[in-house]
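*Asks:* Sharing a model that was predicted from the sequence below.
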Amino acid sequence: MAFKHVLVPTDLSEPGNHAVRYALEEAALHQARVTLLHVLPPTTRTDVHYVTGAPGSGSHGFDLVAGGSLGVPSSVLPTVVRDDDSEVALTQLQDLMAGAPPGTSDVEIAVGHPADTIVRVAQERNADLIVMSTHGRTGLQHVLLGSVAEKVVRLAPCAVLTVKYRRG
């Protein structure tokens, strides 16, 4: 069976990156397109931090009657740091795909519950193979934490290859 489009969901962990290497090899054998996917939780947000010169941090007062600041405003612009999980993940995904031939791969960030989102993206992108890692949890840990890979296997519209990561 020849695959045309391989979807590779990763949580950007070492086991996830191990599955990416498997997927790239499989895609090369079939000359298939690869989509690397990272799913962010629904509660993801962007945080903004002012490191220096935060608004209102100057030594100038505020005139309540006139409605303006007292004195000469500072010309120092604040240094703003933005924590954006999607930008960080996008950079990591692009780094993982650096070795892929140009035009044969792309990366996607999605927000939602991992298993449901992976299945949805597989349907939208007409993937005919999903390659993903499994952490291999068993027993109580599996019951409490569930298995994203197991749910994807049950719900996926295509074949799913799970790759177990072994340290060593």
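*Replies:* Done, it's in.

*Asks:* got the contact list for the residue nearest to T10 when sequence neighbours are not counted?
*Replies:* Once its chain neighbours are removed from consideration, T10 has its nearest residue in G16; the separation is 3.6 Å (CB to CB, 6 or more residues apart in numbering). (Glycine included, C-beta is placed from N, CA and C.) When contacts are counted by CB atoms under 8 Å, 6 or more residues apart in numbering, G16 touches 9-10, 132-133.

*Asks:* one more time with 10 Å, if that's ok
*Replies:* By CB atoms under 10 Å, 6 or more residues apart in numbering, G16 lies in contact with 8-10, 36, 38, 96, 132-133, 135, 163, 165.

*Asks:* can you check P41 too?
*Replies:* With contact set as CB under 10 Å, 6+ apart, P41 has these partners: 85, 111-114.

*Asks:* Now do it, the pLDDT please.
*Replies:* Each residue has a pLDDT score; the one for P41 is 88.

*Asks:* could you pull out the helices for this structure?
*Replies:* When assigned using DSSP state H, the helices of the chain occupy the ranges 14-30, 85-96, 114-124, 139-145, 148-155.
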